[in-house]
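# turn this into a structure:
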Amino acid sequence: MTNDSTVRPDVLVIGLGAMGSATTYQLAKRGAKVVGIDQFSPPHAHGSTHGETRITRQGIGEGRQFVPLAPRSHELWREIERETGRELLTQCGGLIVARAGWASHMHEQSDFFGDTVRAAREFGVAHELLGVADIEARYPQLALDGDETGYFEPGAGYLAPEACVSAQLELAVRHGATLHSGERVLAIRNEGGQTVVQTDQRTYTPGTTIVSAGPWLPGLLPQFAPNLVVRRQVLYWFETESDAGYGANEFPIFIWLSSGTGAAVRTMCSTDFRKLTAMLARMPSRLRPSNVKHQPRRSRSIVTSRRKKLRRCLNSTFADGCAA
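Residues are numbered from 1 along each chain as shown. Predicted coordinates for the structure are as follows:
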């Protein structure tokens, strides 16, 4: 295509991460003429769909409105696994630990633990409530203080995000979608009731435009910027000196809320590291995502702080190495 060519798909999807790849695939599967574009080459590390693992749960403490979507997503992942031959979803169970009687702040929720339990009960999500003795007996790997309570969900687990994106894009193309990587959107405008998307390579006049650009949304759709908050979440991997007791059939993903100051989330990844996430402050409004360093500085103080947090959760000895 030449630079001045105009493309008129039924649907244009901007951004091909978790949401964009799923949207492109599902629309193409239903027979729509879909074009998907991404300024990078997905899967990539410039959004939120990377890091080797992402946890998945059905009891959603962030909001009961999300709960009906989770079981269906697990069905879809199994379908995609069968169609592509890829391994995407590992259901090793999920454990949320909180201090009894303490506030459990997480994801803007003041009672994340309680909201999770209530959502599971309302929608019939299989789960168990565990006392501290139950948690200690089942998972001696955890370093408990003695007053914890636990929510265990057997259907929870983790996904391989890069593989999920690749699988959905593969299926999208198989169903007739057109994908363009390395194509950057310059402007989205309305001309006489028609959405026009100008990129650095061509012009689109789609019937419908879906923008799934993650942290680039405020720049692409500035009218919505006041309602959007971009936060950065840095992931840290710490290697245990022994892998004993941490296999997918031995230990669940977990969210630790006992300190009241944050959460440690462990998932398995291909390198057999334990992974700790830390939510950092929101990005200043003047900071563009393209200026963010994707290899964060791992100062000794930060690494030491994160290792101490993980040691408070696990009865394990950790090697000196750290990946971020």
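# can we go C-alpha only for contacts and neighbour counts from here?
Noted.
# helices or strands up against the longest helix seen in the chain?
Looking across the chain with DSSP state H, the single longest helix is helix 69-84. Where contact means 3 or more CA pairs under 8 Å, 6 or more residues apart in numbering; DSSP states H and E, helix 69-84 is packed against strand 89-90, helix 161-174.
# each with direction, which strands does the first one pair with?
Read that as strand 89-90. Sheet pairing for strand 89-90, assigned by DSSP bridges, gives strand 157-159 (antiparallel).
# and the partner strand, average pLDDT?
For strand 157-159, mean pLDDT rounds to 92.
# same check, this time on stretch 43-53
The predicted model gives stretch 43-53 an average pLDDT of 87.
# partners of the residue nearest the centre of the chain in the sheet?
Centroid-nearest residue in the chain, with CA atoms, centre = their mean: Arg54, separated by 5.1 Å. For Arg54, the beta-bridge partners are Leu159 (DSSP bridges).
# if I pick it, what's in contact with it?
Tyr158, Leu159, Ala160, Pro161, Thr267 (CA atoms under 8 Å, 6 or more residues apart in numbering).
# tell me the spacing between the most far-flung residue of the chain relative to its centre and Thr205.
Farthest-out residue of the chain from its mean C-alpha position, per CA atoms, centre = their mean: Gly192, at 37.4 Å. Per CA to CA, to the nearest Å, Gly192 is found 12 Å from Thr205.
# could you do Thr90 as well?
Between Thr90 and Thr205 the computed distance is 40 Å (CA to CA).
# and for Gly20?
For Gly20 relative to Thr205 (CA to CA), the value is 18 Å.
# more neighbours, those two?
Remark: of Gly20 and Thr205, Gly20 carries more neighbours, 24 against 20, as counted by other CA atoms under 10 Å.
# what about Glu183, which SS state?
For Glu183, the secondary-structure state derived from DSSP: H, G, I helix; E, B strand; the rest coil is coil.
# can you check Tyr246 too?
Here Tyr246 is coil, with the state taken from three-state DSSP.
# what's the burial count for it?
Neighbours of Tyr246 (other CA under 10 Å): 19.
# pLDDT score for it?
You'll see Tyr246 listed with a pLDDT of 77.
# also Met106?
Looking at Met106, its pLDDT is 67.
# quick one, strands of the stretch 101-250 of the chain?
Using DSSP state E, counting those that start in this stretch, the strands of the stretch 101-250 of the chain run over residues 128-130, 148-153, 157-159, 178-181, 185-191, 194-199, 203-204, 208-211, 231-240.
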